[in-house]
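>>> just to be clear, the model below is a prediction. Sequence and coordinates:
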Protein chains: 2
Amino acid sequence: MCLSMQSTDQIPHPVIRRLPKYLVHVQELREDGVEWASSQDIADALGLTSSTVRQDLSHMDLRGISKKGYETSQLEAVLRQVLGADIMHHVVIIGAGHLGRALAEHGAFARRGFDIGALFDQDESLIGKSYGAVQVMSMDELATQADKMQIDIGIIAVPSAAAQEVAEQLVAVGVKAILNLAYKHVKVPAHVTVVDARIMESLQELAYALGKKSDLEK
Amino acid sequence: MCLSMQSTDQIPHPVIRRLPKYLVHVQELREDGVEWASSQDIADALGLTSSTVRQDLSHMDLRGISKKGYETSQLEAVLRQVLGADIMHHVVIIGAGHLGRALAEHGAFARRGFDIGALFDQDESLIGKSYGAVQVMSMDELATQADKMQIDIGIIAVPSAAAQEVAEQLVAVGVKAILNLAYKHVKVPAHVTVVDARIMESLQELAYALGKKSDLEK
DNA sequence: TAGATTGTTAATCGATTAACAATC
DNA sequence: TAGATTGTTAATCGATTAACAATC
């Protein structure tokens, strides 16, 4: 018997990318003691239209109520469930440079269900050191460790020249989900999901916007 | 007389988000001595279709050549120009926590035209310290410093609870472009551009993808 | 010349927005 | 009851893909 029908239908990608935004907002509302939020309330807070919010939430396993909106605690629960926020995910970071270390030391991930199990680096002089509660290991140990801890997600935090090779190493040890922080597109087999989070690209997008603005001022 | 017609037409947002990907790839090709790249070559490397590549590049101020494709050095030049990669942008980071420090110490930004002028933090005990070549200053000095260095871009690297307040402070001192790394949507006036680069959201997107995969295996 | 590849138009696909009957 | 707000259908808008004449 299948209770949650929603788990089978295909949620469009733009919707999926908005779900974390709904979650963080509705969580804040619930913590602040707000029990109900209308689609318009949520839209205003997140810079969307109420129509988009209702469409998006129609993919979730809950119903709103006329004149009241959506119950924040219920909405939070279904969003957490859909996003797998209640399951602990095992994460490794490849690259113990500034960015990799910062992520290891950043407590917020563990609090949200992402347990960072290890940092890996080529640089032998770093091996054995700890950042936060996370130890640096040799790249040679990746395969062994992948068996021990069941790695769900690999984070690529190496220089761009090494990104493709690291992606292939992660795929080789069976990692199915990769967060790529390197300024380089990586190619992986179709069964592996890659999400890019590149600060450099975001900065360049801003630089473009600034250029447009100064054009308009002329 | 206006030589670059392209600077006035409106480039669609999805195209703009792909431009940095083209730039980084074509730069690599050029450095490797590859002089020509066809739309199909570029598409294969970046996981796009050749049709998309040709459509995207039609917004740029260059022409490809039949049977050869696009000249990499020329393509790099127009992409750099459109993205403002040849102009130095002045950046400040608000929040001298792990992430803020990592960005300050990360050399790649300066190399790509983003000069990080200062870190700002509320914590008085951090003030005066340096990370990389970047000094930590008091939040009280933001307004004064904003006048001195001409700030183009502000990076929000504070805990989510403080993100909205920091956004407002940046807007108040005249910053027109904000990179938001906090796990919280910030509201700003229409004349200010915000780009989000939230690692947490990307991880949650991956967690969703993992959940879908384990559903399919059943 | 023949064939590969462009630039561009048209077709398709999909996401967002608008509209409104149902409902609390 | 009257009015606000949902869920959903239909309309609009925009992006991607396909197709193909032009061209090197």
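It's in.
>>> please count neighbours and contacts with C-alpha atoms only from this point.
Fine.
>>> okay, now the unreliable bits of chain A?
A:1-9, A:216-218 (pLDDT under 70).
>>> one more time with 80
Along chain A, the parts satisfying pLDDT under 80 run over A:1-9, A:212-218.
>>> how about the strands in it?
Ranges of strands within chain A are A:36-37, A:70-71, A:89-94, A:114-121, A:130-131, A:134-138, A:153-156, A:177-180, A:193-196, based on DSSP state E.
>>> okay, now the domains of chain A?
Per the record, chain A has its domains at A:5-82, A:89-201, by automatic domain parsing.
>>> quickly check: the longest one near DNA strand D or not.
No. In terms of C-alpha under 7 Å from any atom of the strand, no part of domain A:89-201 sits within range of DNA strand D; the closest distance is 14.7 Å.
>>> before we move on, the earlier item: would you list the strands of chain A in CSV and tack on mean neighbour count and distance to B:Ala102?
Formatted as CSV, the strands of chain A follow (neighbours: other C-alpha atoms under 10 Å in any protein chain shown; distance: least, C-alpha to C-alpha, whole Å):
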stretch, mean neighbour count, distance to B:Ala102
strand A:36-37, 20, 37
strand A:70-71, 21, 39
strand A:89-94, 24, 15
strand A:114-121, 24, 16
strand A:130-131, 18, 13
strand A:134-138, 21, 17
strand A:153-156, 25, 15
strand A:177-180, 25, 17
strand A:193-196, 20, 18
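>>> quick one, which of the ones you listed gets closest to DNA strand C.
strand A:70-71 (11.5 Å; C-alpha to the nearest atom of the strand).
>>> show me what the closest one is packed up against.
Counting contacts by 3 or more C-alpha pairs under 8 Å, 6 or more residues apart in numbering or on different chains; DSSP states H and E, strand A:70-71 packs against strand A:36-37.
>>> contacting residues around the strand it packs on?
Strand A:36-37 has contacts (C-alpha atoms under 8 Å, 6 or more residues apart in numbering or on different chains) with A:68-72.
>>> closest to chain B among the residues you listed?
Within these, the smallest distance to chain B is 16.8 Å, found for A:Thr72 (C-alpha to the nearest C-alpha).
>>> tell me, how many residues neighbour that closest one?
By other C-alpha atoms under 10 Å in any protein chain shown, 22 other residues sit near A:Thr72.
>>> hmm, A:Gly33 and it touching each other?
No. A:Thr72 lies out of contact with A:Gly33 (C-alpha atoms under 8 Å); the separation is 9.2 Å.
>>> for chain A, what lies in contact range of DNA strand C?
With C-alpha under 7 Å from any atom of the strand as the criterion, chain A meets DNA strand C at residues A:12-15, A:48-49, A:51-52, A:55, A:65-67.
>>> returning to that earlier point: pipe the contacts of strand A:36-37 into JSON lines and attach distance to B:Ala133 per row.
JSON lines is the format used below for the contacts of strand A:36-37 (distance: C-alpha to C-alpha, whole Å):
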{"residue": "A:Lys68", "distance to B:Ala133": "53"}
{"residue": "A:Gly69", "distance to B:Ala133": "51"}
{"residue": "A:Tyr70", "distance to B:Ala133": "49"}
{"residue": "A:Glu71", "distance to B:Ala133": "49"}
{"residue": "A:Thr72", "distance to B:Ala133": "45"}
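>>> same list, those, but only the ones touching DNA strand D.
Contacts with DNA strand D within the contacts of strand A:36-37, as defined by C-alpha under 7 Å from any atom of the strand: A:68-70.
>>> roughly how far apart are the residue in chain A that DNA strand C sits nearest to and B:Ser66?
Residue of chain A nearest DNA strand C, by C-alpha to the nearest atom of the strand: A:Thr52 (4.0 Å). Taking C-alpha to C-alpha, to the nearest Å as the measure, A:Thr52 falls 43 Å from B:Ser66.
>>> look at those two and report which has more neighbours.
A:Thr52 (14 against 8).
>>> for the more buried one, which non-adjacent residue is closest in space?
A:Ala43 (7.9 Å; C-alpha to C-alpha, 6 or more residues apart in numbering or on different chains).
>>> ok, the one you found touching A:Asp56?
No. Judged on C-alpha under 8 Å, A:Ala43 makes no contact with A:Asp56 at a distance of 11.1 Å.
>>> verify the contact between A:Ala85 and A:Phe109 for me.
No. Contact criterion C-alpha under 8 Å: A:Ala85 and A:Phe109 do not qualify, at 10.9 Å.
>>> run a quick neighbour tally on A:Val171.
Neighbours around A:Val171, by other C-alpha under 10 Å: 18.
>>> related to what we said a few turns ago, and which of the ones next to DNA strand D among the contacts of strand A:36-37 is nearest to DNA strand D?
Nearest to DNA strand D, judged by C-alpha to the nearest atom of the strand, of those is A:Gly69 at 3.4 Å.
>>> list the contacts for the nearest residue to the closest one once chain neighbours are set aside?
Spatial nearest neighbour of A:Gly69, excluding adjacent residues (C-alpha to C-alpha, 6+ apart): A:Ser38 at 3.9 Å. Going by C-alpha under 8 Å, 6+ apart, A:Ser38 touches A:68-70.
>>> kindly provide the distance from A:Ser38 to A:Tyr70.
6 Å.
>>> what residues are up against A:Arg17?
Per C-alpha under 8 Å, 6+ apart, neighbours of A:Arg17: B:201, B:205.
>>> gap between it and B:Ser66?
A:Arg17 sits 39 Å away from B:Ser66 when distances are taken as C-alpha to C-alpha.
>>> over to A:Leu99?
Here A:Leu99 is placed at a distance of 43 Å from B:Ser66 (C-alpha to C-alpha).
>>> same question for A:Tyr183.
Per C-alpha to C-alpha, A:Tyr183 is found 30 Å from B:Ser66.
>>> same question for A:Val175.
On the measure of C-alpha to C-alpha, A:Val175 and B:Ser66 end up 41 Å apart.
>>> now the nearest residue to A:Ile11 once chain neighbours are set aside: how far from B:Pro159?
Closest residue to A:Ile11 apart from its sequence neighbours, by C-alpha to C-alpha, 6+ apart: A:His59 at 6.7 Å. A:His59 is 30 Å from B:Pro159, where distance means C-alpha to C-alpha.
>>> so the two - more neighbours on which side?
Using other C-alpha under 10 Å as the criterion, A:His59 and B:Pro159 rank with A:His59 on top: 18 against 14.
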